[in-house]
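In: A structural model of the following input is requested.
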Amino acid sequence: MAQPLREPQDETRSYTERIRELIEQDRVGGARKLLAEALERGAQEKDLALLQRILGPAKFLRVGGERDIDRTPDFQWLKDHGDMYRGQWVALFGGELLAHGENLKDLLAELEKHPLGRRALLQRLY
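Out: All right, here's what the predicted structure looks like:
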């Protein structure tokens with residue numbers, strides 16, 4: 001299992017507080033590790049279930065009768081280029097950036113012009 005980020009006996013703050021702090025610092029991987037530690041140790045804090053849903057794997061909804069698309073290239077693009085688009089919405093398909101914008105409304109308007117726009121992965125980058 002994941003190694004603890006700090007020794008629990010030295011920490012006076014709750015797991016929830018520490019996890020939220022890591023999220024605010026954009027250290028999501030560390031937050032996931034600390035959450036896993038909290039759950040492994042049987043911590044009974046009120047917001048851990050909510051944090052587990054928030055930090056859990058993404059869920060994809062399918063619209064229409066199409067088969068789901070392999071999003072691996074899109075996830076790789078996010079990993080490789082996401083920092084350049086922080087604070088923006090991006091639309092990806094097949095590992096290619098289709099459009100980006102400051103708000104979802106503008107992004108959707110831009111995607112209406114694109115032939116692959118309806119199949120794009122939309123993501124807000126923090």
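In: ok so residue 99 is a strand residue?
Out: Yes: per DSSP: H, G, I helix; E, B strand; the rest coil, residue 99 lies within a strand segment.
In: Can you get me a residue count around it?
Out: Residues near residue 99, counting by other CB atoms under 10 Å, number 20. C-beta coordinates here come from the backbone N, C-alpha and C atoms, glycine included.
In: For the residue lying closest to it once chain neighbours are set aside, which residues are in contact?
Out: Distances taken as CB to CB, 6 or more residues apart in numbering place residue 110 nearest to residue 99, at 4.1 Å, with adjacent residues excluded. Counting by CB atoms under 8 Å, 6 or more residues apart in numbering, residue 110 makes contact with 91, 99, 101, 117.
In: which of the residues you listed has the most neighbours?
Out: Of all these, the most densely surrounded is residue 91 (23 neighbours; neighbours counted as other CB under 10 Å).
In: Using the three-state scheme, assign that one.
Out: Under three-state DSSP, residue 91 falls in the strand class.
In: Would you confirm that it contacts residue 100?
Out: Yes: counting by CB atoms under 8 Å, residue 91 does reach residue 100; the two are 7.1 Å apart.
In: Quick one: the strands in this protein, in order.
Out: 89-93, 96-101, 121-124 (DSSP state E).
In: Kindly state the domain boundaries assigned to the chain.
Out: The domain map for the chain lists 8-55, 72-124, with the assignment taken from automatic domain parsing.
In: Going by residue numbers, what spans are helices in this protein?
Out: Here the chain has its helices, by DSSP state H, at 15-24, 28-40, 48-55, 72-81, 104-111.
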